[in-house]
Structure formats: structure tokens, C-alpha cells
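Participant: Mind folding the following:
(chains A and B)
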Amino acid sequence: AQSVTQLGSHVSVSEGALVLLRCNYSSSVPPYLFWYVQYPNQGLQLLLKYTSAATLVKGINDFEAEFKKSETSFHLTKPSAHMSDAAEYFCAVSEDYKLSFGAGTTVTVRA
Amino acid sequence: NAGVMQNPRHLVRRRGQEARLRCSPMKGHSHVYWYRQLPEEGLKFMVYLQKENIIDESGMPKERFSAEFPKEGPSILRIQQVVRGDSAAYFCASSPGTSGNTGELFFGEGSRLTVL
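Facilitator: This is a model prediction of the structure:
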């Protein structure tokens, strides 16, 4: 079974600083990988997805993630944090139609 | 709003009562998925349905939980004789089918069940 592990349940960054959220996956086949964002009391919104095309994937709101097969990683980055980025972020891997989610990383942004 | 619609957004039940959660998929989507999010945890797959068919219910508890997606109307997740451990956010997602195999799902805003 495929799975993902998110390193760090909470990340705090200053406004304007780099955001780095870590995700490692376990998969026996080339995976489809996703990052979703969840704002308080809302559903999940897709940030970006990797489907075996380019290894550097650009998403919405200036987020991007790099697929590194040698490290089995799919870390999410944003060069400059905004206050509006405060939310919970989930990494997920797809196995057919099922998504397996990591436990999530809560991001707080300090003014 | 053409997104996935869930209702109620918040539901409070006493132990032993029944909870019914509804989900209308995005227009043009025929595949529905239910996920459960327990406090401080990620989302866990519960069930995958197409119209009038349960495709995969491997994530559903064997007792008290059931799901359906009738030919007409929304998908329903039903929890009978609720217990405190059922308190969670229940998310519905949909896909058009062709993107389903790549895993891209479109999520609703969730139904938050509180069991007293």
C-alpha cells in the first residue's frame, strides 16, 4: 500500500520568509502525488499535483513542489509567505481512486 | 455554486441517535467518495460509490455505517446509533471518473458531526 509521511505537524514562519513543508512517500510504483490546503472549517483545495510529467510542479498561490525519486520526497515550498497562507496542508498519494493522506502540517504566519 | 455541496455543515446528535449526511457531487461528476477526518489526523478513506453502486467500502466500519448514491438525488452517509467516537468531520469528494484514476478529487466543505 502506498503512504505518505509529513515531517513536522506545525510550522511557523515569518511573513515574507520561505515556506517549506516536507513530505515523503512510500510507493512500489510511480506515484501520483498531491498537496491540498485546508482553511479553517473548510474543505480541501488542491494546490498542485505530480503525475509523472515534470518533476518540478507549480501550483496555485506561488506554491511549488519537487518530486525527487531518489529521496522519495515531494516537498512543498513557497518563496515568500503571506498571512493568508495560514492553514493546514496535506500531502497525499493516489492508489487507483483512493487518496492516502498524511497527518497534515499546520502553518502559522507571524507578522 | 457548481462545487461539491454537503449538508448539514454541522450536526449534533446524542448517543444512540442516527446521523445522515448528504453530498451532491459537482455537476457532471458521477463518482463520489467519503472521507473521515478525526481530530488531529489526516483524512481517511471510507467509501467510493458510483450511481447505484458501492465500488469500494473497505474503509467503512463494518457496523452502523452505510452509504448510498441513488440514481436520483444526493449521496447519503448514514451512521446509526452514534457514539462519541463518531465525532469527526466527514468530507465528500467527487470526480468525473476520467480523472479519478489520477487521484484528483474535488472536496466539499465537510459535515462536522458532534456526538454528545
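
Participant: So residue 61, which state does it fall into?
Facilitator: In the absence of a named chain, chain A is used. Three-state assignment for residue A:61 (DSSP: H, G, I helix; E, B strand; the rest coil): helix.

Participant: Minimum distance to chain B, which residue of chain A gives it?
Facilitator: Nearest residue of chain A to chain B (Cβ to the nearest Cβ) works out as residue A:94 at 2.6 Å. C-beta coordinates here come from the backbone N, C-alpha and C atoms, glycine included.

Participant: Quick one: residues contacting the spatially most central residue of chain A.
Facilitator: Of all residues in chain A, the one closest to the mean position by Cα atoms, centre = their mean is residue A:35, 3.7 Å from it. Shown in contact with residue A:35 (Cβ atoms under 8 Å, 6 or more residues apart in numbering or on different chains): A:21, A:23, A:46-49, A:59, A:63, A:65, A:74, A:76, A:89-92.

Participant: And the helix or strand containing the residue of chain A closest to chain B, what's buried?
Facilitator: Taking DSSP states H and E as the criterion, residue A:94 maps to strand A:87-95. Across strand A:87-95, burial judged by 16 or more other Cβ atoms under 10 Å in any protein chain shown covers A:87, A:88, A:89, A:90, A:91, A:92, A:93, A:94, A:95.

Participant: Would the next helix-or-strand element following it count as contacting chain B?
Facilitator: Reading on from strand A:87-95 to the C-terminus, the next helix or strand found by DSSP H and E is strand A:98-101. Yes: applying Cβ under 8 Å from any Cβ of the partner chain, one finds strand A:98-101 touching chain B at A:98, A:99, A:100, A:101.

Participant: Which one (most neighbours) among these?
Facilitator: Taking other Cβ atoms under 10 Å in any protein chain shown as the neighbour criterion, residue A:99 ranks highest of the residues of strand A:98-101 next to chain B with 27 neighbours.
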